[in-house]
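Q: Sequence plus predicted model, see below.
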Amino acid sequence: QKEVEQDPGPLSVPEGAIVSLNCTYSNSAFQYFMWYRQYSRKGPELLMYTYSSGNKEDGRFTAQVDKSSKYISLFIRDSQPSDSATYLCAMRGGSNYKLTFGKGTLLTVNP
Amino acid sequence: EAGVTQFPSHSVIEKGQTVTLRCDPISGHDNLYWYRRVMGKEIKFLLHFVKESKQDESGMPNNRFLAERTGGTYSTLKVQPAELEDSGVYFCASSQDVENIQYFGAGTRLSVL
């Protein structure tokens, strides 16, 4: 079983839609959870960073972590064509700096 | 402030040749990481430097890979000799703050033919 599972998509939505992206994980030692956005031929760019369980909101983006279910989500409200990218979930333990990534979900927002 | 920069952006070599990838972290970042993504797979950790010391090299695939960070500034990752399965995108990241937010470079796309 992979440590982090993420549906690779692709996911195609109309402009203005609410997008829900998800990852599940198996390692209960993970404490820090991140969402990165990666445009084609670019490096991953950090979008959201959360510690332990709970919600975090930043503009149109909301990250949710449910440690009891080992499930994290990223919601994008009022999606825009510029949101079209690959979204990667990543996580790590408390004392270990190495990130464990999901495969990434390719999102296309159609105008 | 300049971000993490990687050179070259793309390298095409033949099996058996040697390739050296370079990473310049964000100025002042003591932590430097190498990751790799091979086709169809997730990004995977290779190793972690704190200044010039290797903190964790548990992800290095085999002894054909050698990473260095002399002087604790830029880092190089050498693959010698390269094999077909080494093809992929090699990412470098750096971090400094207590939350260890890692900033990634654009990657080096390595093609071994």
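A: Here it is on my side, so go on. On a predicted model such as this, the values are computed, not experimentally measured, just so you know.

Q: What residues does chain B have near chain A?
A: Taking Cβ under 8 Å from any Cβ of the partner chain, the part of chain B that reaches chain A is made up of B:4, B:31, B:33, B:35, B:41-45, B:48, B:55-56, B:58-59, B:91, B:95, B:99-107. C-beta: built from backbone N, CA, C; applies to glycine.

Q: Can you verify my assumption that B:Arg69 contacts B:Leu32?
A: Yes. Taking Cβ atoms under 8 Å as the definition, B:Arg69 is a contact partner of B:Leu32 at 6.1 Å.

Q: Please enumerate the shared neighbours of those two.
A: By Cβ atoms under 8 Å, 6 or more residues apart in numbering or on different chains, B:Arg69 and B:Leu32 have these common neighbours: B:49, B:75.

Q: So those two - more neighbours on which side?
A: B:Leu32 (28 against 21; other Cβ atoms under 10 Å in any protein chain shown).

Q: The more buried one belongs to a strand, doesn't it?
A: Yes. Using DSSP: H, G, I helix; E, B strand; the rest coil, the secondary structure at B:Leu32 is a strand.

Q: how many neighbours does residue 19 have?
A: All of this is about chain A. 19.

Q: could you do chain B instead?
A: B:Val19 has 20 nearby residues by other Cβ under 10 Å.

Q: that's a strand at B:Glu85, yeah?
A: No. Checked against three-state DSSP, B:Glu85 lies outside a strand; its state is helix.

Q: what's near enough to touch it?
A: B:Glu85 neighbours (Cβ under 8 Å, 6+ apart): B:38, B:112.

Q: any idea how far chain A is from it?
A: According to Cβ to the nearest Cβ, to the nearest Å, B:Glu85 stands 18 Å off from chain A.

Q: interface residues of chain A facing chain B?
A: A:2, A:4, A:6, A:32, A:36, A:41-46, A:49, A:88, A:90, A:92, A:96-104.

Q: Please pick the buried ones from the residues you listed.
A: A:4, A:6, A:32, A:36, A:43-44, A:49, A:88, A:90, A:92, A:96-104 (16 or more other Cβ atoms under 10 Å in any protein chain shown).

Q: Great, nothing more from me.
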